[in-house]
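Student: how does the following fold in three dimensions:
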Amino acid sequence: MKRRNFIKKTASATALSPWLQPFANAAGEKSKPFGPGDWGGVTMDDVRGLFESDNKEAKKLMDRVMAKCVLDRILPPMSPMTQNWVYPGGPYYKGQWIWDSMFVVDLLSLFPSKKQAIRDIFKNYWDFQDRWNKVMPEYAHDMVTVSIKTAPQPVRQFSQIAILAWGVERVHRRNGDKELIKQSLDRLEKFHDWYWRERDVTNVGLCSVGAYSGEVQHARWETFDYECNMDDLKLTKHPTRKGTNEGEWYGNICVTGNTSYLIMGERSLVRLANIVGDKAMAARRQKRIDQSVNAMREHMWDEKKGAFLSVQRDTLKKVPVATISSWLPLTAGVATPEMAKRMAEVYGSPAWQTPLPVPTCELTDSRWKSSGFWRGDVWPSANYQIACGFADYGYKDIAADIADKTVANAIKNGINEHYDSVTGKGLGIKDYCMSSTIGTMMLDGLTKKHTVKLRQ
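Tutor: Next comes the predicted model:
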């Protein structure tokens, strides 16, 4: 069943739910000039003037990405958010997500006039932390929810990949906004500390998923939510903490994707701390990185598979299926050069070669289906970060193959949430915000055929 079919379910019958009754309506609404058709002073001519390319189709696609997947996705405040916020698109996703929004603010930062709008988008997360901390026990403090849902939807009692620090760093790289770093740095570290405390419950350095609602599917939604490596996921009580009102909130599988993203976020946090001169924070975060990188190499690497695999939390036994998250250790800089070489070999094998790369599950698994939701389909956002990983290790031809095929397919079939890995047919929401990464691939120089540059 797809995620959207669960969208109206509430997190019921848990110990924590009563504490959150008054939560969703914690803020009133006010208006600001931003939204589809009103971009707060930015025009379509401004968009067209940003980029240059010898490839007319690539330039046209980039312009559409900026208009439909970025600028149209910023909306005025809506309770409980008192700031502009990022709306993913479609009728189902009514809230500001963690993962999706970072790719939007990355490209929004190309407009010098949007510094404050981006600060406001991040402030929604910090405002959530404040509201959350007022009603939750101390061990749960400083979580950022998967999505700040618009009222009157129930509050989501679980998080998502720790990509917020990466998003702040990307914005700073593009527009130099040091004020955004100052606004966000302490909050980001607190979020990361929550993540290690509540998702690395055995303190090995590997992250699981979980949900204070006690719903297994909610826990899956913290990552690539229908991956085959989580088919046997169960929630347990905390293995060591024995407090009152404790529930079965902690996943029994440590996943490669979320651990990789947290390492990636920690690396960004180190660089952000160094920018503002906080050497002590940089040193604290580096210790976390070192522990987790070593743990992934020791417990998750599988030489025969040529991939990083998820593991059982309590036994560290590998879950024997490679999925899309198996590639993320490249993006996070976890793989050794020898591991990266082996991964490149495996990527070129029939197990991963579909007409449109990269399938979200290896073809050799019986659960693979070309249109399967995180079970064989293709997502531009995942492709972007996997291509970045291969490029970082020097496999630029593989990166370009992934990126150019992703762009070419979008030119042919339009911008969609995800795609069939065999036919290339668009699936899900049209002009979905996270698919703005189709443009980022070109802008970051990952492509060879479909190139777009910022106009000088």
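Student: helix or strand for G251, which one?
Tutor: strand 250-254 (DSSP states H and E).
Student: and that strand, what's its mean pLDDT?
Tutor: Averaged over strand 250-254, pLDDT sits at 98.
Student: tell me the angle the helix or strand that it is followed by makes with strand 250-254.
Tutor: Remark: after strand 250-254, the chain's next helix or strand is helix 256-275, criterion DSSP H and E. For helix 256-275 against strand 250-254, the angle by axes from the mean of the first three to the mean of the last three Cα atoms, to 10 degrees is 90 degrees.
Student: buried ones in helix 256-275?
Tutor: 256-273 (16 or more other Cβ atoms under 10 Å). C-betas here are computed from N, CA, C, even on glycine.
Student: how close does the residue nearest the centre of the chain sit to S310?
Tutor: In the chain, the centroid-proximal residue (Cα atoms, centre = their mean) is W99; its distance is 3.1 Å. W99 sits 18 Å away from S310, going by Cβ to Cβ, to the nearest Å.
Student: next: I415.
Tutor: From I415 to S310 the distance is 30 Å (Cβ to Cβ).
Student: looking at these two, which is more packed in?
Tutor: Each of I415 and S310 has its neighbours counted (other Cβ atoms under 10 Å); S310 has more, 29 against 22.
Student: do I have it right that the more buried one meets V255?
Tutor: Yes: proximity of S310 to V255 meets the contact threshold set by Cβ atoms under 8 Å, at 4.7 Å.
Student: overlap in contacts, these two.
Tutor: 229-230, 325 (Cβ atoms under 8 Å, 6 or more residues apart in numbering).
Student: output these in JSON lines; the columns should cover pLDDT and neighbour count.
Tutor: JSON lines is the format used below for the shared contacts of S310 and V255 (pLDDT from 0 to 100; neighbours: other Cβ atoms under 10 Å):
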{"residue": "N229", "pLDDT": "96", "neighbour count": "26"}
{"residue": "M230", "pLDDT": "97", "neighbour count": "27"}
{"residue": "S325", "pLDDT": "97", "neighbour count": "27"}
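Student: for T406, state which of those is nearest.
Tutor: Closest approach between the shared contacts of S310 and V255 and T406, by Cβ to Cβ: S325, at 18.1 Å.
Student: for the nearest residue to the closest one once chain neighbours are set aside, what are its contacts?
Tutor: Of all residues not flanking S325 in the chain, G257 sits nearest, at 2.9 Å (Cβ to Cβ, 6 or more residues apart in numbering). Contacts for G257 (Cβ under 8 Å, 6+ apart) come out as 161, 223-224, 227, 324-325, 328.
Student: and the helices in this structure?
Tutor: 44-50, 56-64, 99-108, 115-135, 164-175, 178-199, 216-220, 256-275, 279-295, 328-331, 337-347, 380-392, 396-413, 437-443 (DSSP state H).
Student: save the ones you listed as a markdown table, and put in distance to D302 too.
Tutor: Rendered in a markdown table, the data for the helices of the chain read as follows (distance: least, Cβ to Cβ, whole Å):
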| stretch | distance to D302 |
| --- | --- |
| helix 44-50 | 43 |
| helix 56-64 | 37 |
| helix 99-108 | 26 |
| helix 115-135 | 35 |
| helix 164-175 | 26 |
| helix 178-199 | 22 |
| helix 216-220 | 22 |
| helix 256-275 | 10 |
| helix 279-295 | 14 |
| helix 328-331 | 12 |
| helix 337-347 | 10 |
| helix 380-392 | 17 |
| helix 396-413 | 20 |
| helix 437-443 | 28 |
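Student: of those, which is nearest H141?
Tutor: Of the helices of the chain, nearest to H141 by Cβ to Cβ is helix 115-135, at 4.8 Å.
Student: counting contacts, what elements does that closest one pack onto?
Tutor: strand 85-86, strand 95-97, helix 99-108, strand 147-149, helix 164-175, helix 178-199 (3 or more Cβ pairs under 8 Å, 6 or more residues apart in numbering; DSSP states H and E).
Student: a markdown table for those, including mean pLDDT?
Tutor: Shown next, in a markdown table, are the helices and strands packed on helix 115-135 (pLDDT from 0 to 100):
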| stretch | mean pLDDT |
| --- | --- |
| strand 85-86 | 97 |
| strand 95-97 | 98 |
| helix 99-108 | 98 |
| strand 147-149 | 98 |
| helix 164-175 | 98 |
| helix 178-199 | 98 |
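Student: what pairs with the strand holding G251, parallel or antiparallel?
Tutor: With DSSP bridges as the test, strand 250-254 is paired with strand 208-210 (antiparallel), strand 235-236 (antiparallel), strand 311-312 (antiparallel).
Student: deepest-packed of these, please.
Tutor: strand 208-210 (a mean of 27; mean count of other Cβ atoms under 10 Å).
Student: quick one: contacts of it?
Tutor: 158, 198-201, 219-220, 222-223, 230, 233, 235, 249-255, 258, 313.
Student: and it, how far out from the chain middle?
Tutor: 15 Å (Cα atoms, centre = their mean, to the nearest Å).
Student: burial measure for A295, as a count.
Tutor: As a burial measure, A295 scores 21 neighbours (other Cβ under 10 Å).
Student: excluding covalently adjacent residues, which one is nearest to it?
Tutor: G205 (3.3 Å).
Student: thinking that neighbour is in contact with Q291, fair?
Tutor: Yes: G205 is within contact range of Q291, at 4.3 Å (criterion: Cβ under 8 Å).
Student: compare those two (neighbour count), which wins?
Tutor: Neighbours were counted for G205 and for Q291 using other Cβ under 10 Å; G205 has more, 22 against 17.
Student: pLDDT of stretch 71-83, averaged?
Tutor: The average of the pLDDT scores along stretch 71-83 is 96.
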